[in-house]
Every structure is written in C-alpha cells, then in structure tokens.
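Enquirer: just the structure for this:
(one chain, ligands or ions: 1)
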Amino acid sequence: MPRSLDRQITVEKTPSYFVTREAPRRISYMSPRVKLIVVVRNPVTRAISDYTQTLSKKPDIPSFSELAFNNRTIGEVDTSWNAIRIGLYALHLQPWLNHFPISQMHFVSGERLITDPAGEMARVQDFLGLKRLVTDKHFYFNKTKGFPCLKKPGGGGAPRCLGKSKGRTHVQINTDDIEQLREFYRPHNIKFYETVGQDFHWE
Ligand SMILES: Nc1ncnc2c1ncn2[C@@H]1O[C@H](COP(=O)(O)OS(=O)(=O)O)[C@@H](OP(=O)(O)O)[C@H]1O
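Expert: Below you'll find the model as predicted:
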C-alpha cells in the first residue's frame, strides 16, 4: 500500500478479499485500524451475474442449474460452487469479526448503488469521516447502460461510465430455480442482516 500523507486516505479494492480466509488476519496485521467497505447485492442475482460473466469467457460450461444444484428435485444447492458460495455473506463475515469490530466495517448495497448512488456515497463518505463532497450533482443516469455515470467536477470533460463488461444481459434462469435459491439463501441473509444491523431487503 502506498503511504498516505496527513489529510489523505489510501483506498485499495480487491473483490476477493471478503471471501479469502487469510485476508482478515493479514489485513489486521498490516493495520488494525483500517476501515473496511464491502459491496453486497442479492446473492441470487450475484450468482447469476457471476455465471453470466464466466459463460462469456467459457461458452462450453454446464448450465446454471447443473452447477447450482446437487439435486434439483429436492432443492439441494451445491455450496461448493463459487458462484453460490460467495453469496453466503454471513459465513464470510465471521472471520473478519475475529479481527475487526463491526463498527470498522461498512456495507454498501449494490442495488442502491445503482438506484441511489448519491445516497450510498453519502453513507460511504460519512463512514470514512469525509465531508460529503460527492453528491447527486455528480451523477446522471445513463438509460442505455442502465447505470449511473459520474460527471467530472465542474461539468467539464466526458462523464465516467462503467465499462462494456458491466451490465451484461443476465442468462435467463427458470423461476423454480430462482425460487429454490431464494429459499436457500433466506436464513443466511437474515443472519447477515442481524450481524451487520442492516436489512438489505433481498426477499
Ligand atoms: N459501480 C458499480 N455499481 C453497480 N454495479 C456495479 C458497479 N461496478 C460493477 N458492478 C456490477 O457488479 C457485477 C460484477 O462486476 P465486475 O465485473 O466489476 O466484478 S468483478 O471485477 O468480476 O468482481 C456486475 O453485475 P452485472 O452487470 O449485473 O453482471 C457489474 O455490473
């Protein structure tokens, strides 16, 4: 990590930290006071997005259903498949809580990041102890992309939008499979809401 000067903060992001076993211990060793931000979204949508991304690189993989279920008839979900396992947020959170108080962690809603980016960014800035400099003035909704884009400060220059690989059309999954996965994640989601003290409404 680069050093921060006084009045600066250094931010680093790696999606896999949250689900990497040794990450909490190693990060707390580096700095026990570090603030941690995790972006989470409905684990069912997350799994479908994950599968869609893999499929775009490896078109020959088995179907979503084949990978998601050990036994689809009885709704037995394959928790060893990463796309499913990553969405077990309560499980991944536990090792972090052995090293950091929950007050040092902040959870961003991936859904609200799209529908209310300024509100979500306000919470992030408050958590980091920053003045609310990024506000609704800095975002506009790009209908074609289906995402907000960031306007350059002062209004000059092209806005910054997410790249082409974001917002891929998700693979169509049958409604029974989605319902089975919703059922499967429900108790895990509830445990997660209770632990972080925030309801993400992923029902
Ligand atoms: N800033 C921001 N706001 C809202 N949503 C976002 C953002 N950045 C990434 N995404 C969505 O997260 C999904 C995975 O994106 P990535 O490809 O960046 O993830 S990863 O780097 O592979 O971990 C992928 O979701 P889907 O598009 O639904 O598949 C991205 O669109």
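Enquirer: gap between the longest helix belonging to the chain and the chain center?
Expert: When the chain is parsed with DSSP state H, its longest helix is helix 175-196. Centroid separation for helix 175-196 versus its chain: 15 Å, with Cα atoms, centre = their mean, to the nearest Å.
Enquirer: swap in stretch 136-149?
Expert: 19 Å.
Enquirer: same check, this time on stretch 142-153
Expert: On Cα atoms, centre = their mean, the centre of stretch 142-153 falls 19 Å from that of its chain.
Enquirer: still on that earlier bit, give me the contacts around the longest helix of the chain.
Expert: By Cβ atoms under 8 Å, 6 or more residues apart in numbering, the surrounding residues in contact with helix 175-196 are 40, 43-44, 47, 64-65, 68-69, 72, 75, 77, 84, 87-91, 93, 97, 102, 105, 107, 199-200, 202-203. (C-beta placed from N, C-alpha, C; glycine too.)
Enquirer: strands - which of these land there?
Expert: 40, 69, 77, 105, 107 (DSSP state E).
Enquirer: get me the contact residues on the protein for the ligand.
Expert: Taking Cβ under 6 Å from any ligand atom as the criterion, the chain approaches the ligand at residues 15, 49, 52, 53, 110, 113, 114, 162, 165, 166, 167, 168.
Enquirer: top of those residues by neighbour count?
Expert: residue 49 (19 neighbours; other Cβ atoms under 10 Å).
Enquirer: against residue 14, how distant is the residue nearest to that one when sequence neighbours are not counted?
Expert: Using Cβ to Cβ, 6 or more residues apart in numbering and skipping the chain neighbours, the partner closest in space to residue 49 is residue 170 (6.2 Å). Using Cβ to Cβ, to the nearest Å, residue 170 is found at 24 Å from residue 14.
Enquirer: the two: who's more crowded?
Expert: residue 170 (13 against 8).
Enquirer: tell me the spacing between the more buried one and residue 148.
Expert: 19 Å.
Enquirer: same thing with residue 138?
Expert: Taking Cβ to Cβ, one finds residue 138 at 9 Å from residue 148.
Enquirer: which one's more surrounded, those two?
Expert: Per other Cβ under 10 Å, whichever of residue 138 and residue 148 has more neighbours is residue 148, with 23 against 18.
Enquirer: where does this structure dip in pLDDT?
Expert: 155 (pLDDT under 70).
Enquirer: just the helices in the chain please.
Expert: Under DSSP H, the chain gives helices at 23-30, 43-57, 64-68, 82-85, 89-97, 110-115, 117-127, 175-196.
Enquirer: ok so, going back, tell me the two of the ones in strands among the contacts of helix 175-196 that are most distant?
Expert: 69 and 105 (31.8 Å; Cβ to Cβ).
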